[in-house]
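*Asks:* Return atomic coordinates for the entry below.
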Amino acid sequence: MTILRIHTDGACAGNQNDENLGGYGAVLEFGPHKKEIWGAEANTTNNRMEMMALLKALEAITIDGQTVEVFSDSAYLMDCFRKKWYKNWLRNGWLNAKKQPVENRDLWEALLPFLDRHTFSFYRVKGHVNLESPSVNKEKLYKQFNEWTGDAFTFEDFVHIVAMNNRCDELANKGVDSLR
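*Replies:* You can find the predicted model right below:
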């Protein structure tokens with residue numbers, strides 16, 4: 001069985017300002033096939049761009065029933081799926097644990113139906129890592145990655161996943177740059 005891997009990242013220049021530039025990037029890998037997706041929005045947030053990257057990647061899948069591994073440096077995005085926050089949100093009428101409306105509800109509502117269309121695993125990866133830098137402790141980062149994801153991935157897998165995360169960051173910044 002071939003696993004579809006989705007790598008995502010979002011970016012937002014001026015994230016806390018009323019006027020800002022956001023971008024998202026995703027790389028889908030299926031066997032020897034690779035597809036890159038990127039886009040941009042003005043006046044958004046980094047979290048929305050992280051979510052948009054995954055949404056656009058999922059919308060690009062043409063066949064239901066895929067086994068999908070999602071890699072992202074967004075704790076917000078990965079924790080929602082891994083810790084199943086969305087189940088409580090649905091049960092509580094889209095209120096979070098603080099009884100406040102869930103942020104980005106529109107995007108969560110767009111993402112959740114995909115959970116019924118495919119089989120997912122979600123993995124967090126540390127973002128903005130330059131494994132070529134002599135000051136980077138690769139073994140330490142690999143250990144942290146395994147703590148977040150389990151030990152299903154080899155060191156070579158880890159290096160590739162980091163490279164794909166960096167590529168998604170480049171694509172997200174391409175989106176930001178397209179709005180300048």
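
*Asks:* What segments of the protein are strands?
*Replies:* 4-13, 21-30, 33-42, 67-72, 119-124 (DSSP state E).

*Asks:* quick one: the helices in the protein?
*Replies:* Along the chain, the segments classed as helices by DSSP state H run 46-59, 75-82, 85-91, 105-111, 138-149, 155-178.

*Asks:* Show the average pLDDT along the second one.
*Replies:* In this case it means helix 75-82. For helix 75-82, mean pLDDT rounds to 96.

*Asks:* which helices and strands does that helix pack with?
*Replies:* helix 46-59, strand 67-72, strand 119-124 (3 or more C-beta pairs under 8 Å, 6 or more residues apart in numbering; DSSP states H and E). The C-beta positions use only the backbone N, C-alpha and C, and glycine is treated the same way.

*Asks:* now do the fourth one
*Replies:* Other helices and strands packing on helix 105-111, by 3+ C-beta pairs under 8 Å, 6+ apart, are helix 46-59.

*Asks:* The same query, at a cut-off of 10 Å, please.
*Replies:* helix 46-59, helix 75-82, helix 85-91 (3 or more C-beta pairs under 10 Å, 6 or more residues apart in numbering; DSSP states H and E).

*Asks:* Mind listing what's buried along that helix?
*Replies:* Neighbour counts over helix 105-111 (16 or more other C-beta atoms under 10 Å) mark 107-108, 110-111 as buried.

*Asks:* Let's see that helix as CSV, backbone CA atoms only.
*Replies:* Output in CSV follows, covering the C-alpha atoms of helix 105-111 (Å, rounded to 0.1, in the frame of the first residue of the first chain):
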residue,chain,number,x,y,z
ARG,A,105,-14.4,27.5,12.9
ASP,A,106,-15.0,28.0,9.1
LEU,A,107,-11.7,26.2,8.3
TRP,A,108,-12.2,23.5,10.9
GLU,A,109,-15.6,22.8,9.4
ALA,A,110,-14.0,22.5,6.0
LEU,A,111,-11.3,20.2,7.2
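
*Asks:* so for it, what's the average pLDDT?
*Replies:* On average, helix 105-111 scores 98.

*Asks:* which residues touch that helix?
*Replies:* 47-48, 50-52, 54-55, 58-59, 77, 80-81, 85-86, 89-90, 94, 102, 104 (C-beta atoms under 10 Å, 6 or more residues apart in numbering).

*Asks:* Quick one: buried ones out of these?
*Replies:* 47-48, 50-52, 54-55, 58, 77, 80-81, 85-86, 89, 102, 104.

*Asks:* Nearest to Glu139, out of the strands of the chain?
*Replies:* strand 119-124 (18.4 Å; C-beta to C-beta).

*Asks:* just to revisit the earlier point, now tabulate the helices of the chain in a markdown table and tack on distance to Asn130.
*Replies:* Output for the helices of the chain, formatted as a markdown table (distance: least, C-beta to C-beta, whole Å):
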| stretch | distance to Asn130 |
| --- | --- |
| helix 46-59 | 20 |
| helix 75-82 | 20 |
| helix 85-91 | 31 |
| helix 105-111 | 30 |
| helix 138-149 | 10 |
| helix 155-178 | 8 |
